[in-house]
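**Q** 3D, please:
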Amino acid sequence: MQQQQPQVYPAACGYLKPEALDEKNRFKVKKVVFWALLLFIVLYSYFYLKGQFEIDSCLDKGGKWDYVSAHCLFAE
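**A** Just a heads-up that it's a prediction; the model follows:
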């Protein structure tokens with residue numbers, strides 16, 4: 001009979017034993033993931049809306065927005 005090798009969970013690779021995450025630690029991990037995801041969404045939205053407001057401001061002033069160079073162009 002062959003002896004089964006025990007499962008190895010290398011900590012350096014970021015793997016944890018399933019039983020290592022008790023209920024308290026699971027809650028902490030979920031909380032960190034939630035806040036990280038929320039921060040990503042807020043930052044992405046901020047920069048996206050900032051760009052949209054720049055484009056809108058350019059068009060309101062009578063300019064033409066150049067999407068390649070991301071600048072407002074005015075006719076002379």
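**Q** hey, let's count contacts and neighbours off CA atoms from now on
**A** OK.
**Q** Surely residue 72 is in a strand?
**A** Yes: assignment of residue 72 by DSSP: H, G, I helix; E, B strand; the rest coil places it within a strand.
**Q** need the strands for the chain, in chain order.
**A** For the chain, strands defined by DSSP state E occupy the ranges 64-66, 71-73.
**Q** Of these, give the one that comes closest to residue 35.
**A** strand 71-73 (34.0 Å; CA to CA).
**Q** give the contact list for residue 42.
**A** Applying CA atoms under 8 Å, 6 or more residues apart in numbering to residue 42 gives no contacts.
**Q** I'd like the strands of the chain written out as JSON lines, with mean pLDDT added.
**A** Listed next are the strands of the chain as JSON lines, based on pLDDT from 0 to 100:
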{"stretch": "strand 64-66", "mean pLDDT": "93"}
{"stretch": "strand 71-73", "mean pLDDT": "94"}
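**Q** so which of the ones you listed gets nearest residue 33?
**A** That would be strand 71-73 among the strands of the chain, by CA to CA, at 36.4 Å.
**Q** Buried residues, the closest one. List them.
**A** residue 72 (16 or more other CA atoms under 10 Å).
**Q** where in the protein is pLDDT low?
**A** 1-2, 6-21, 76 (pLDDT under 70).
**Q** Mind doing that once more with 90?
**A** Flagging of the chain using pLDDT under 90 yields the residue ranges 1-30, 74-76.
**Q** Kind regards, and thank you for your time.
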